[in-house]
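>>> this is the structure alone, sequence omitted:
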């Protein structure tokens with residue numbers, strides 16, 4: 001059913017998550033994927049997103065209905081006959097570094113029964129992006145409902161190179177004027193150097209981690225501000241660099257300004273989905289007054305909620321007024337450098 005009230009389109013992946021956090025209970029065979037965390041974050045700030053993804057025919061309908069009940073338009077979630085393995089496993093060590101391999105050994109180490117649904121599981125995070133081949137869950141031009149293009153803003157979660165190559169021009173071909181995108185690990189590599197400029201030329205904001213930025217610029221620069229300036233010169237108004245300790249580095253191309261904002265101090269239980277929550281929070285906050293600082297603060301608040309529990313819907317359980325209180329605390333810690 002067409003929803004003319006959509007204020008953003010969010011594109012990404014939906015998954016069945018099997019999480020083994022170090023500081024909280026296992027989260028097994030539950031809804032996940034970067035799109036679910038982005039959607040929950042955007043809904044947290046009162047947004048009305050339209051969601052675009054590809055899922056297999058067995059993806060639980062009730063999970064999608066949960067998103068719909070919270071206010072998301074799921075018309076753009078396509079069920080396809082292609083073999084999409086939607087399982088995703090991750091655990092974390094004491095330093096909160098993710099581990100994706102050998103789920104059997106991790107369950108054994110924790111003394112937990114191994115979920116039968118994970119038998120035969122192979123990590124779904126590709127080490128390399130194809131420059132020309134579509135994956136079963138790569139987004140196609142026909143996947144986006146036409147009326148979604150009437151929304152004013154969009155965010156693209158990490159998918160693959162092909163999806164990220166076709167989506168910006170497709171989305172900007174409608175009414176979408178604000179477009180943000182989070183980099184994929186697999187193409188933030190020197191072998192994709194020539195492809196990066198056209199890939200990000202139409203973006204309002206490009207989100208990367210410090211590790212991704214340094215890998216892409218290997219042999220060219222180790223200065224993150226210099227890297228941000230070069231990337232911004234390719235077209236985006238803003239480059240956002242999320243560092244290992246949660247600090248955000250924000251670079252404004254047109255104003256030539258740089259800001260640093262620390263992460264909100266909280267006890268992290270499960271970092272899964274934090275960057276996706278940050279990204280959608282940024283889009284929600286930025287759209288209010290087209291202020292990148294407001295966007296950054298909203299994103300960091302979303303990320304803080306995400307880290308405190310497991311699963312996307314945890315974000316929507318925060319107490320009334322708490323996100324505004326955290327926003328106020330962080331707003332006093334913004335530093336222009």
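That came through fine. If you're wondering where the values come from, they're calculated on a predicted model, not measured in any experiment.
>>> contacts, neighbours, all on C-alpha from now
Will do.
>>> next one: residue 218 from residue 240, what distance?
19 Å (CA to CA, to the nearest Å).
>>> over to residue 148?
Shown here: residue 148 relative to residue 240, a distance of 26 Å by CA to CA.
>>> of the two, who's got more company?
residue 148 (30 against 24; other CA atoms under 10 Å).
>>> wait, that one sits on residue 10?
No - in this structure residue 148 lies outside contact range of residue 10 using CA atoms under 8 Å: 9.8 Å.
>>> so what pLDDT did residue 126 get?
For residue 126, the pLDDT comes out at 68.
>>> show me where the stretch 51-200 of the chain has strands.
Here the stretch 51-200 of the chain has its strands, by DSSP state E, counting those that start in this stretch, at 73-80, 87-92, 98-99, 153-156, 178-182.
>>> below-threshold pLDDT in this structure: ranges please.
1-4, 124-127 (pLDDT under 70).
>>> my read: residue 333 touches residue 261, true?
Yes - counting by CA under 8 Å, residue 333 touches residue 261, with 6.3 Å between them.
>>> could you pull up the residues touching the residue nearest to residue 76 when sequence neighbours are not counted?
Distance criterion CA to CA, 6 or more residues apart in numbering; nearest residue to residue 76, sequence neighbours excluded, is residue 52 at 4.3 Å. With contacts defined as CA atoms under 8 Å, 6 or more residues apart in numbering, residue 52 is in contact with 9-12, 74-78, 143-144.
>>> narrow these to just the buried residues.
9-12, 74-78, 144 (16 or more other CA atoms under 10 Å).
>>> of residue 333 and residue 261, which one has the most company?
residue 261 (22 against 14).
>>> what distance do you get for that one to residue 298?
For residue 261 relative to residue 298 (CA to CA), the value is 12 Å.
>>> also residue 236?
Counting by CA to CA, the gap from residue 236 to residue 298 is 20 Å.
>>> look at the two and report which has more neighbours.
Shown here are residue 236 and residue 298; by other CA under 10 Å, residue 298 has more neighbours (32 against 22).
>>> residue 287 is in contact with the more buried one, correct?
No - using CA under 8 Å, residue 298 is not in contact with residue 287; the gap is 10.9 Å.
>>> and the helices in the stretch 201-337 of the chain?
210-216, 224-232, 274-289, 292-307, 322-331 (DSSP state H, counting those that start in this stretch).
>>> quick one: contacts for residue 312?
31-32, 36-37, 40, 273, 306.
>>> make it 7 Å
32, 36-37, 40 (CA atoms under 7 Å, 6 or more residues apart in numbering).
>>> of those, which is the most crowded?
Of the contacts of residue 312, with other CA under 10 Å as the count, residue 37 tops at 33 neighbours.
>>> before we move on, back to that, which neighbours do residue 148 and residue 10 share?
residue 50.
>>> stretch 132-151: end-to-end distance?
29 Å.
>>> and it, which residues are buried?
135-139, 144-145, 148-151.
>>> and those residues, which is closest to residue 281?
Compare each of the buried residues of stretch 132-151 with residue 281 using CA to CA and the shortest gap goes to residue 151, at 16.9 Å.
>>> ok, the closest one - contacts?
Applying CA under 7 Å, 6+ apart, the residues near residue 151 are 6-9, 175-176.
>>> now swap in residue 123 and tell me
Contacts of residue 123 (CA under 7 Å, 6+ apart): 88, 100-101.
>>> most neighbours out of these, which is it?
Counting by other CA under 10 Å, top hit in the contacts of residue 123: residue 88 with 22 neighbours.
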